[in-house]
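Participant: coordinates only, sequence not included:
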């Protein structure tokens, strides 16, 4: 993530608190835009909000599943923003040395955005991708 992304996420967490209650996790299938990759993403909706909400799709980095998204998720949910986490490392590569080229991740990111746009609770005009 860039410095700007980190500042925005930290601001949201500070402004809305990191104490969101536990939310149910739904697994949503993500197919890459090209259709050559499929994986489930962990989808979290903010509690107590009716209607459509904005969403953030997190793409796991070279470190894979780690504490960063556990850190960011509560603040985003407290702010009324759904969180969609896609693990693009497990079973694909083990380190930076065997990591696929960036072009591998673009179709996955677009597939995640497409999955969010199709979800009945997501405002399709307010979706962000981070990672």
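Facilitator: Done, it's in. From a predicted model like this one, the values you see are computed outputs, not experimental measurements.
Participant: quick one: low-confidence ranges for the chain?
Facilitator: By pLDDT under 70, the weakly predicted segments of the chain are 1-24, 33-35, 61-66.
Participant: partners of the longest strand out of those in it in the sheet?
Facilitator: Longest strand of the chain, by residue count under DSSP state E: strand 122-130. Under the criterion DSSP bridges, strand 122-130 sits next to strand 53-59 (parallel) in its sheet.
Participant: now do the helix or strand that the strand it pairs with is followed by against strand 122-130, angle only.
Facilitator: Where DSSP states H and E defines the elements, the next helix or strand beyond strand 53-59 is helix 67-78. Counting by axes from the mean of the first three to the mean of the last three Cα atoms, to 10 degrees, helix 67-78 lies at 150 degrees to strand 122-130.
Participant: three-state assignment of residue 84?
Facilitator: At residue 84 the chain is in strand, as set by DSSP: H, G, I helix; E, B strand; the rest coil.
Participant: so how many other residues sit close to it?
Facilitator: 25 (other Cβ atoms under 10 Å). (Each C-beta comes from the backbone N, C-alpha and C, glycine too.)
Participant: hmm, back to that, could you tell me which residues within the longest strand of the chain count as buried?
Facilitator: Buried residues in strand 122-130, counted by 16 or more other Cβ atoms under 10 Å: 122, 127, 129-130.
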